[in-house]
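Novice: The sequence isn't on hand, but the structure is:
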(Lines give C-alpha, C1' and ligand atoms only; values in the text may rest on other atoms or scores of the structure.)
Protein backbone atom coordinates (compact mmCIF):
# COMPACT_ATOMS: atom_id res chain seq x y z
CA UNK A 1 0.00 0.00 0.00
CA UNK A 2 1.35 3.45 -0.93
CA UNK A 3 1.61 6.22 1.64
CA UNK A 4 0.38 9.67 0.67
CA UNK A 5 1.16 12.77 2.69
CA UNK A 6 3.64 15.51 3.51
CA UNK A 7 6.65 15.74 5.82
CA UNK A 8 6.73 18.85 8.04
CA UNK A 9 9.62 19.85 10.27
CA UNK A 10 8.89 20.15 14.01
CA UNK A 11 11.10 23.16 14.59
CA UNK A 12 10.38 23.63 18.30
CA UNK A 13 10.92 19.97 19.15
CA UNK A 14 14.05 19.84 17.02
CA UNK A 15 15.53 22.76 18.95
CA UNK A 16 14.36 21.58 22.38
CA UNK A 17 15.56 17.98 22.12
CA UNK A 18 18.50 18.60 19.80
CA UNK A 19 17.08 15.92 17.47
CA UNK A 20 16.13 16.91 13.92
CA UNK A 21 12.45 15.95 13.91
CA UNK A 22 9.51 16.03 11.55
CA UNK A 23 5.94 14.75 11.44
CA UNK A 24 4.31 12.91 8.56
CA UNK A 25 0.86 14.31 7.77
CA UNK A 26 -0.99 11.56 5.95
CA UNK A 27 -3.62 12.53 3.39
CA UNK A 28 -4.99 10.41 0.52
CA UNK A 29 -4.86 13.31 -1.96
CA UNK A 30 -1.25 14.25 -1.18
CA UNK A 31 1.71 12.99 -3.25
CA UNK A 32 3.00 9.47 -2.66
CA UNK A 33 5.83 9.25 -0.16
CA UNK A 34 9.01 7.23 -0.61
CA UNK A 35 12.16 6.46 1.36
CA UNK A 36 13.87 9.58 0.02
CA UNK A 37 11.24 11.73 1.76
CA UNK A 38 12.23 10.19 5.09
CA UNK A 39 16.00 10.48 4.83
CA UNK A 40 17.86 13.22 6.63
CA UNK A 41 15.57 13.22 9.65
CA UNK A 42 16.80 11.89 12.98
CA UNK A 43 13.25 11.36 14.18
CA UNK A 44 10.06 11.05 12.16
CA UNK A 45 6.65 10.92 13.84
CA UNK A 46 3.21 10.01 12.60
CA UNK A 47 -0.13 9.99 14.40
CA UNK A 48 -2.47 7.43 12.89
CA UNK A 49 -6.15 6.72 13.68
CA UNK A 50 -6.14 3.31 15.36
CA UNK A 51 -8.69 1.94 12.90
CA UNK A 52 -6.38 2.50 9.89
CA UNK A 53 -4.73 -0.91 10.10
CA UNK A 54 -3.76 -1.07 6.40
CA UNK A 55 -1.85 2.19 6.73
CA UNK A 56 -0.23 0.84 9.88
CA UNK A 57 1.11 -2.09 7.87
CA UNK A 58 2.48 0.28 5.22
CA UNK A 59 4.18 2.49 7.80
CA UNK A 60 5.84 -0.51 9.38
CA UNK A 61 7.18 -1.53 5.99
CA UNK A 62 8.85 1.90 5.81
CA UNK A 63 10.49 1.26 9.17
CA UNK A 64 8.07 3.05 11.48
CA UNK A 65 7.62 1.44 14.91
CA UNK A 66 4.69 1.66 17.31
CA UNK A 67 5.49 3.86 20.29
CA UNK A 68 2.23 4.59 22.08
CA UNK A 69 -1.54 4.56 21.88
CA UNK A 70 -3.64 7.64 22.61
CA UNK A 71 -7.29 8.13 23.60
CA UNK A 72 -9.04 11.45 23.01
CA UNK A 73 -12.10 12.30 25.09
CA UNK A 74 -14.65 15.08 25.14
CA UNK A 75 -16.61 16.47 28.09
CA UNK A 76 -19.79 18.48 27.59
CA UNK A 77 -19.75 21.63 29.72
CA UNK A 78 -23.01 22.07 31.58
CA UNK A 79 -24.67 25.49 31.65
CA UNK A 80 -24.48 25.44 35.45
CA UNK A 81 -21.88 23.83 37.64
CA UNK A 82 -19.77 24.28 40.74
CA UNK A 83 -16.88 26.71 41.03
CA UNK A 84 -14.08 24.88 42.87
CA UNK A 85 -12.27 28.22 43.36
CA UNK A 86 -9.03 27.32 41.65
CA UNK A 87 -6.15 29.77 41.74
CA UNK A 88 -4.45 31.09 38.61
CA UNK A 89 -0.76 30.16 38.69
CA UNK A 90 1.81 32.95 38.45
CA UNK A 91 5.51 33.09 37.66
CA UNK A 92 6.45 32.54 41.32
CA UNK A 93 4.83 29.09 41.09
CA UNK A 94 6.89 28.00 38.08
CA UNK A 95 9.79 26.27 39.90
CA UNK A 96 7.44 24.02 41.91
CA UNK A 97 5.20 23.37 38.92
CA UNK A 98 8.20 22.42 36.80
CA UNK A 99 9.37 19.98 39.45
CA UNK A 100 5.90 18.44 39.79
CA UNK A 101 5.51 18.07 36.02
CA UNK A 102 8.96 16.55 35.57
CA UNK A 103 8.23 13.96 38.28
CA UNK A 104 4.69 13.19 37.12
CA UNK A 105 5.10 12.87 33.35
CA UNK A 106 8.10 10.57 33.20
CA UNK A 107 6.38 8.04 30.92
CA UNK A 108 5.30 9.46 27.59
CA UNK A 109 6.05 9.07 23.90
CA UNK A 110 9.17 11.19 24.50
CA UNK A 111 10.87 8.21 26.10
CA UNK A 112 13.94 6.07 25.65
CA UNK A 113 15.17 4.68 23.33
CA UNK A 114 13.75 7.38 21.06
CA UNK A 115 14.79 10.26 23.32
CA UNK A 116 17.19 10.70 26.27
CA UNK A 117 16.03 9.28 29.61
CA UNK A 118 15.23 12.73 31.04
CA UNK A 119 13.51 14.07 27.91
CA UNK A 120 9.91 13.47 28.98
CA UNK A 121 10.33 15.20 32.33
CA UNK A 122 12.09 18.18 30.74
CA UNK A 123 9.46 18.48 28.01
CA UNK A 124 6.51 18.61 30.38
CA UNK A 125 8.31 20.87 32.82
CA UNK A 126 8.72 23.35 29.97
CA UNK A 127 5.09 22.82 28.92
CA UNK A 128 3.72 23.84 32.32
CA UNK A 129 6.07 26.83 32.52
CA UNK A 130 4.83 27.94 29.11
CA UNK A 131 1.21 27.55 30.25
CA UNK A 132 1.79 29.91 33.18
CA UNK A 133 3.26 32.39 30.68
CA UNK A 134 0.33 32.00 28.23
CA UNK A 135 2.46 30.21 25.63
CA UNK A 136 0.58 27.47 23.75
CA UNK A 137 -1.77 26.69 26.64
CA UNK A 138 -3.47 29.85 27.82
CA UNK A 139 -3.56 29.39 31.58
CA UNK A 140 -2.59 27.12 34.45
CA UNK A 141 -4.98 26.66 37.39
CA UNK A 142 -3.93 25.15 40.69
CA UNK A 143 -5.05 24.18 44.16
CA UNK A 144 -3.03 24.49 47.36
CA UNK A 145 -2.97 22.52 50.58
CA UNK A 146 -3.51 24.28 53.91
CA UNK A 147 0.20 24.90 54.25
CA UNK A 148 0.30 26.69 50.91
CA UNK A 149 2.10 24.03 48.87
CA UNK A 150 0.65 23.17 45.47
CA UNK A 151 -1.55 20.07 45.54
CA UNK A 152 -2.49 19.86 41.86
CA UNK A 153 -2.64 21.78 38.61
CA UNK A 154 -4.33 21.80 35.23
CA UNK A 155 -3.39 23.75 32.10
CA UNK A 156 -5.97 24.81 29.52
CA UNK A 157 -6.09 26.17 26.00
CA UNK A 158 -9.08 27.60 24.16
CA UNK A 159 -9.22 25.96 20.72
CA UNK A 160 -12.06 27.93 19.15
CA UNK A 161 -15.34 29.60 20.11
CA UNK A 162 -16.77 26.28 21.31
CA UNK A 163 -13.95 24.11 22.68
CA UNK A 164 -11.10 24.06 25.17
CA UNK A 165 -8.43 21.42 25.64
CA UNK A 166 -6.75 20.26 28.83
CA UNK A 167 -3.00 20.19 28.34
CA UNK A 168 -1.56 18.82 31.58
CA UNK A 169 -3.41 17.66 34.69
CA UNK A 170 -1.66 16.36 37.79
CA UNK A 171 -2.23 16.01 41.52
CA UNK A 172 -2.75 12.89 43.61
CA UNK A 173 -6.36 12.73 44.76
CA UNK A 174 -7.15 16.01 43.00
CA UNK A 175 -8.64 14.68 39.75
CA UNK A 176 -12.27 15.56 40.46
CA UNK A 177 -11.51 19.13 41.58
CA UNK A 178 -9.18 19.69 38.63
CA UNK A 179 -11.83 18.52 36.17
CA UNK A 180 -14.37 20.81 37.85
CA UNK A 181 -11.89 23.67 37.51
CA UNK A 182 -11.41 22.93 33.82
CA UNK A 183 -15.17 22.87 33.23
CA UNK A 184 -15.64 26.12 35.15
CA UNK A 185 -12.85 27.77 33.14
CA UNK A 186 -14.59 26.75 29.92
CA UNK A 187 -18.02 27.80 31.21
CA UNK A 188 -16.73 31.28 32.04
CA UNK A 189 -15.71 31.60 28.39
CA UNK A 190 -19.08 30.30 27.15
CA UNK A 191 -17.48 27.18 25.69
CA UNK A 192 -19.42 23.94 25.37
CA UNK A 193 -16.77 21.20 25.20
CA UNK A 194 -13.56 20.35 27.02
CA UNK A 195 -11.25 17.91 25.25
CA UNK A 196 -8.49 15.86 26.82
CA UNK A 197 -6.14 13.12 25.65
CA UNK A 198 -4.35 10.42 27.60
CA UNK A 199 -2.12 7.45 26.98
CA UNK A 200 -3.78 4.14 26.23
CA UNK A 201 -2.14 2.59 29.27
CA UNK A 202 -3.04 5.38 31.71
CA UNK A 203 -6.14 3.71 33.11
CA UNK A 204 -6.17 5.94 36.22
CA UNK A 205 -6.56 9.08 34.10
CA UNK A 206 -9.01 7.37 31.75
CA UNK A 207 -11.27 6.34 34.66
CA UNK A 208 -11.16 9.85 36.10
CA UNK A 209 -12.18 11.47 32.82
CA UNK A 210 -15.03 9.03 32.30
CA UNK A 211 -16.22 9.47 35.91
CA UNK A 212 -16.25 13.21 35.26
CA UNK A 213 -18.61 12.66 32.32
CA UNK A 214 -16.20 12.56 29.39
CA UNK A 215 -16.80 10.24 26.44
CA UNK A 216 -14.22 8.59 24.21
CA UNK A 217 -14.17 10.32 20.81
CA UNK A 218 -11.22 8.72 19.04
CA UNK A 219 -8.17 6.53 19.42
CA UNK A 220 -4.82 6.89 17.69
CA UNK A 221 -1.38 5.37 17.44
CA UNK A 222 1.93 7.20 17.53
CA UNK A 223 4.72 5.69 15.42
CA UNK A 224 8.35 6.77 15.06
CA UNK A 225 11.04 6.13 12.52
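Specialist: Yep, it's here. Keep in mind that what you see is a predicted model, and the values were worked out from it rather than measured.
Novice: Pop the domain breakdown of this protein in here.
Specialist: Annotated domains of the chain cover 5-63, 74-218 [the TED database].
Novice: So which residues of the chain form strands?
Specialist: 5-9, 21-26, 43-49, 65-76, 87-88, 139-144, 150-158, 163-170, 193-199, 215-224 (DSSP state E).
Novice: Can I get those in JSON lines including mean pLDDT?
Specialist: JSON lines is the format used below for these (pLDDT from 0 to 100):
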{"stretch": "strand 5-9", "mean pLDDT": "98"}
{"stretch": "strand 21-26", "mean pLDDT": "98"}
{"stretch": "strand 43-49", "mean pLDDT": "98"}
{"stretch": "strand 65-76", "mean pLDDT": "98"}
{"stretch": "strand 87-88", "mean pLDDT": "98"}
{"stretch": "strand 139-144", "mean pLDDT": "98"}
{"stretch": "strand 150-158", "mean pLDDT": "98"}
{"stretch": "strand 163-170", "mean pLDDT": "98"}
{"stretch": "strand 193-199", "mean pLDDT": "98"}
{"stretch": "strand 215-224", "mean pLDDT": "98"}
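Novice: can you put those in TSV and add mean neighbour count and distance to residue 97?
Specialist: Every residue, glycine included, has its C-beta placed from N, CA and C. Converted to TSV, those look like this (neighbours: other CB atoms under 10 Å; distance: least, CB to CB, whole Å):
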stretch	mean neighbour count	distance to residue 97
strand 5-9	14	29
strand 21-26	20	25
strand 43-49	18	26
strand 65-76	16	23
strand 87-88	12	12
strand 139-144	21	7
strand 150-158	22	6
strand 163-170	22	9
strand 193-199	20	19
strand 215-224	16	25
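Novice: could those be laid out in CSV, adding distance to residue 100?
Specialist: Output for those, formatted as CSV (distance: least, CB to CB, whole Å):
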stretch, distance to residue 100
strand 5-9, 31
strand 21-26, 26
strand 43-49, 26
strand 65-76, 22
strand 87-88, 15
strand 139-144, 10
strand 150-158, 7
strand 163-170, 6
strand 193-199, 18
strand 215-224, 24
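Novice: So for residue 114, which of the ones you listed sits nearest?
Specialist: With CB to CB as the measure, strand 215-224 is the member of those nearest residue 114 (5.4 Å).
Novice: So what does residue 63 have for phi and psi?
Specialist: Main-chain dihedrals, residue 63, degrees, to the nearest 10: phi 100, psi 10.
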